[in-house]
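Engineer: Return atomic coordinates for the entry below.
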Amino acid sequence: MKKYYFVLTILLMINVYFLYDISNSKKESTKLVKEEAPEKVICDWEANIKKNDNFVFLGDSIIDWYPIYEMYDKSIPIVNSGIAGYETHDILERMDEMVYRYNPTKVFLLIGTNDLKYKDNKDDEEEVAKNIEEIIVQIKENRPKAKIYVQSIYPVNREMKNNASEERYNEEIKEVNKKVESYCKDNDVTYIDMYDLLSDGNGNFNESYTNDGLHPNTLGYIVITKKLMEYMN
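Structural biologist: Below is the predicted model of the structure:
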């Protein structure tokens with residue numbers, strides 16, 4: 001019980017820090033953080049996680065900056081293997097260091113948005129999808145017992161004042177996601193649709209879940225965490 005309240009206190013402190021600069025129009029989002037966090041995000045995992053489990057979260061800055069050790073109970077064996085700025089080819093060049101050495105039982109992959117930042121032609125969407133597929137293939141070959149969970153690339157919101165999405169466009173993101181989802185269905189890989197979960201009615205990154213149009217804020221990470229928990233038991 002003491003452990004529960006300690007983790008909850010840390011989470012609420014982080015919420016205050018990240019949500020400090022959100023305008024009054026987002027009071028409902030702040031209210032949601034307080035309502036969602038205690039019962040649905042923080043929970044006792046000790047009885048549910050297998051002793052030999054080892055989870056690797058693999059990706060770019062969205063994973064790198066994910067406050068995993070605040071969002072999940074510390075008894076959950078999670079490795080944050082995200083590196084800000086990484087593209088698909090960067091991960092492919094460092095698979096041993098970023099994945100294999102941890103001998104994961106489950107890998108949660110999120111990558112591709114930085115590739116689209118430097119998109120030069122129509123073939124790049126196909127290339128990004130192929131690289132994601134190659135990451136999956138290599139994990140299967142080198143760690144065949146690991147289960148792979150592929151998150152869709154998150155939407156962006158280019159209309160926000162503090163826009164960090166730069167040259168990324170949702171139409172391109174959706175095209176890559178469509179290709180990757182199809183591959184996953186055909187190759188017994190779990191695809192997690194985060195795009196629809198995080199988007200607003202116009203298909204943009206919901207402003208309640210991001211402060212810069214690209215990276216999740218605390219509420220966004222809470223929503224993400226709740227979704228990923230469905231695949232962790």
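Engineer: Provide a list of residues in contact with residue 204.
Structural biologist: The contact partners of residue 204, taken as C-beta atoms under 8 Å, 6 or more residues apart in numbering, are 155, 156, 157, 158, 159, 170, 213. (Each C-beta comes from the backbone N, C-alpha and C, glycine too.)
Engineer: got the phi/psi numbers for it?
Structural biologist: Backbone torsions of residue 204, given as degrees, to the nearest 10, read phi -90, psi 160.
Engineer: pLDDT weak spots in this protein?
Structural biologist: Across the chain, the ranges flagged by pLDDT under 70 are 1-51, 119-123.
Engineer: Name the next helix or strand downstream of the longest helix seen in the chain, please.
Structural biologist: Taking DSSP state H as the criterion, the chain has its longest helix at helix 123-142. As assigned by DSSP states H and E, the chain's next helix or strand after helix 123-142 is strand 147-151.
Engineer: Can you list the strands that that next one pairs with?
Structural biologist: The pairing partners recorded for strand 147-151 under DSSP bridges are strand 106-110 (parallel), strand 190-192 (parallel).
Engineer: what's the angle from the longest one to helix 123-142?
Structural biologist: Right, the one you point to is strand 106-110. Strand 106-110 runs at 170 degrees relative to helix 123-142, counting by axes from the mean of the first three to the mean of the last three C-alpha atoms, to 10 degrees.
Engineer: So for strand 106-110, what gets flagged as buried?
Structural biologist: Neighbour counts over strand 106-110 (16 or more other C-beta atoms under 10 Å) mark 106, 107, 108, 109, 110 as buried.
Engineer: As TSV, the residues you listed with distance to residue 230 would be great.
Structural biologist: Compiled in TSV, these are given as follows (distance: C-beta to C-beta, whole Å):
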residue	distance to residue 230
106	12
107	16
108	12
109	16
110	16
